[in-house]
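Asks: sequence below, structure please.
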Amino acid sequence: MTIVAAIVTVYFVVPWETRGLASVTLRVAIALVILVGATVMAVRHVLRAEYPVLRAVEALAVVVTLAIVTFASIYSLASSLDVDAFSEPLDQVGALYFALTTATTVGFGDIHPRSDVARVVVMVQMLTNVVVLGAAARILLNTARRRVDG
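Replies: From the prediction side, this is the model:
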């Protein structure tokens with residue numbers, strides 16, 4: 001859980017500067033690569049772990065946190081690039097709130113994307129939540145199960 005705390009701390013400490021639409025697009029691509037890479041590394045750790053189920057749960061917490069924080073940073077950047085991208089300007093807390101409500105599919109409706117760029121990024125997060133995080137959870141837990149069963 002130290003890694004989860006470190007990810008959230010970095011999110012709030014590191015200044016996110018806007019360098020234009022290309023910067024936001026690049027961050028989305030990098031975020032997806034990092035998520036896949038983190039999942040692959042997590043599977044390797046589960047395969048070597050003395051307690052694979054515990055390691056799988058820990059790894060899943062890291063992958064989910066990384067996904068949410070990454071998208072929150074992208075939303076914060078997009079909002080600073082275009083103040084009308086969302087229904088209200090998003091600071092780091094607002095962006096994290098929006099990313100988490102999107103990830104959990106709660107979607108209170110108080111914050112929503114208004115620009116096409118913001119809608120595209122939100123759609124990418126929705127697909128990531130369903131496909132990448134769903135696959136990561138399945139792979140990690142199945143790997144742990146196989147490792148326990150021997």
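
Asks: taking the centroid of the protein, which residue is nearest it?
Replies: residue 67 (1.1 Å; CA atoms, centre = their mean).

Asks: so where's this protein shaky on pLDDT?
Replies: Within the chain, the segments meeting pLDDT under 70 span 16-19, 24, 150.

Asks: can you give me the helices in it?
Replies: Using DSSP state H, the helices of the chain run over 2-13, 21-48, 52-81, 92-103, 116-127, 134-149.

Asks: could you list the alpha-carbon positions for the last one in CSV?
Replies: Read it as helix 134-149. Extracted in CSV, the C-alpha atoms of helix 134-149 (Å, rounded to 0.1, in the frame of the first residue of the first chain):
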residue,chain,number,x,y,z
GLY,A,134,-11.0,-5.9,-16.0
ALA,A,135,-8.4,-7.9,-17.8
ALA,A,136,-5.8,-6.9,-15.2
ALA,A,137,-8.0,-8.1,-12.4
ARG,A,138,-8.8,-11.4,-14.2
ILE,A,139,-5.1,-12.1,-15.1
LEU,A,140,-3.8,-11.2,-11.7
LEU,A,141,-6.3,-13.3,-9.8
ASN,A,142,-6.1,-16.2,-12.2
THR,A,143,-2.3,-16.1,-12.0
ALA,A,144,-2.5,-16.2,-8.2
ARG,A,145,-5.0,-19.0,-8.2
ARG,A,146,-2.8,-21.1,-10.6
ARG,A,147,0.2,-20.4,-8.4
VAL,A,148,-1.7,-21.5,-5.2
ASP,A,149,-3.1,-24.6,-6.9
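
Asks: distance between that helix and the chain's centre?
Replies: Put simply, helix 134-149 sits 20 Å off its chain's centre (CA atoms, centre = their mean, to the nearest Å).

Asks: between that helix and helix 21-48, how many degrees?
Replies: Counting by axes from the mean of the first three to the mean of the last three CA atoms, to 10 degrees, helix 134-149 lies at 10 degrees to helix 21-48.

Asks: contacts for helix 134-149?
Replies: By CB atoms under 8 Å, 6 or more residues apart in numbering, the surrounding residues in contact with helix 134-149 are 35, 39, 42-43, 46-47, 49, 52-53, 55-56, 59-60, 63. Heads up, the C-betas are built off the backbone N, CA and C, glycines and all.
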